[in-house]
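Participant: Fold the following, please.
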Amino acid sequence: MSTLDFDNQATDPVELLHTWLEDAKVRTNLPNPNAMTLATVDQDGRPSARIVLLRGLDERGAVFFTNYASRKGRALDAHRNAALVIHWDELERQVRIEGRVSRVSGEESDAYWSTRARESRIGAWASRQSEILEDKAALEAEIERYTREFEGGEVPRPEHWGGYRVSLDQVEFWEGQPARIHDRLVCQRVNDRWETCRLSP
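Facilitator: Residues are numbered from 1 along each chain as shown. Have a look, this model is predicted:
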């Protein structure tokens with residue numbers, strides 16, 4: 001049975017997305033119910049996709065954090081549009097988001113950075129994400145180097161690390177139904193308001 005009310009839709013899909021995220025936390029055994037696929041296009045027009053974790057969501061967009069110099073960071077610098085997919089197989093649900101990408105403020109990045117484990121913060125300094133690595137020993141040496149450097153003090157956020165926000169220009173809710181006659185509701189932002197419609201499965 002569908003949980004999407006096509007006749008009485010809320011004017012803002014953010015509330016529904018929060019509800020589905022909470023459902024995924026409570027009703028599934030997924031270790032990372034906030035995992036989502038991020039799709040980008042690089043400066044040569046080549047698409048690429050990978051999994052990132054949703055770390056913030058409001059009317060401004062969906063937030064994740066990464067190394068700005070990574071492959072995805074370079075792609076986002078080249079093309080400021082991206083797509084996200086959050087898929088909860090156990091619930092037969094997925095959400096697709098498309099929008100413009102921007103970096104979050106330094107204050108927002110600092111706030112999230114402060115919640116990370118110390119080892120993860122040191123790892124962000126040690127890893128030149130997406131670059132060729134000679135061997136694991138080289139990475140371990142960098143981790144040891146920064147462990148010594150920051151010993152006894154705070155591990156500051158490096159300039160090359162921070163958050164991105166994908167605006168909610170279009171949000172699609174997909175819910176599985178028998179015989180693959182799935183329910184699809186798309187919400188599109190038009191002149192600062194939401195227009196919703198049903199899509200064929």
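Participant: all helices for the protein, in order.
Facilitator: Under the criterion DSSP state H, helices of the chain are mapped to 13-27, 71-78, 106-113, 118-126, 136-149.
Participant: centre of the chain versus the longest one, how much separation?
Facilitator: For helix 13-27, the distance between its averaged C-alpha position and the chain's averaged C-alpha position is 15 Å (C-alpha atoms, centre = their mean, to the nearest Å).
Participant: Next: the last one.
Facilitator: The chain centroid and the centroid of helix 136-149 are separated by 28 Å, computed with C-alpha atoms, centre = their mean.
Participant: how much does it deviate in direction from helix 118-126?
Facilitator: Going by axes from the mean of the first three to the mean of the last three C-alpha atoms, to 10 degrees, helix 136-149 is angled at 110 degrees with respect to helix 118-126.
Participant: swap in the second one?
Facilitator: For helix 71-78 against helix 118-126, the angle by the same axes, to 10 degrees is 60 degrees.
Participant: Then the longest one?
Facilitator: Direction vectors for helix 13-27 and helix 118-126, defined by the same axes, to 10 degrees, enclose an angle of 120 degrees.
Participant: who's in contact with helix 13-27?
Facilitator: Applying C-beta atoms under 8 Å, 6 or more residues apart in numbering, the contact partners of helix 13-27 are 10, 30, 33-34, 54, 57-59, 86, 88, 90-91, 93, 95, 168, 171, 173, 187, 194, 196. Placement of C-beta: from N, CA and C, glycine included.
Participant: max-length strand in the chain?
Facilitator: Longest strand in the chain, counting residues (DSSP state E): strand 93-103.
Participant: Flag every buried residue along that one.
Facilitator: R93, Q94, V95, R96, I97, E98, G99, V101 (16 or more other C-beta atoms under 10 Å).
Participant: Ok, which of the helices of the chain comes nearest R180?
Facilitator: helix 13-27 (20.3 Å; C-beta to C-beta).
Participant: re the thing from before, could you dump the helices of the chain into a markdown table and include mean neighbour count?
Facilitator: Output for the helices of the chain, formatted as a markdown table (neighbours: other C-beta atoms under 10 Å):
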| stretch | mean neighbour count |
| --- | --- |
| helix 13-27 | 15 |
| helix 71-78 | 18 |
| helix 106-113 | 15 |
| helix 118-126 | 16 |
| helix 136-149 | 12 |
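Participant: Pipe those into a markdown table and attach distance to R46 per row.
Facilitator: Output for the helices of the chain, formatted as a markdown table (distance: least, C-beta to C-beta, whole Å):
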| stretch | distance to R46 |
| --- | --- |
| helix 13-27 | 29 |
| helix 71-78 | 9 |
| helix 106-113 | 27 |
| helix 118-126 | 26 |
| helix 136-149 | 26 |
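Participant: between the ones you listed, which gets nearest to D44?
Facilitator: helix 71-78 (8.6 Å).
Participant: Need the CA coordinates for the closest one. CSV is fine.
Facilitator: What follows is helix 71-78, C-alpha atoms only, in CSV (Å, rounded to 0.1, in the frame of the first residue of the first chain):
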residue,chain,number,x,y,z
ARG,A,71,38.0,13.7,-7.7
LYS,A,72,34.4,14.6,-6.7
GLY,A,73,35.5,18.0,-5.5
ARG,A,74,37.3,18.7,-8.7
ALA,A,75,34.2,17.6,-10.7
LEU,A,76,32.0,19.8,-8.6
ASP,A,77,34.3,22.8,-9.2
ALA,A,78,34.0,22.1,-12.9
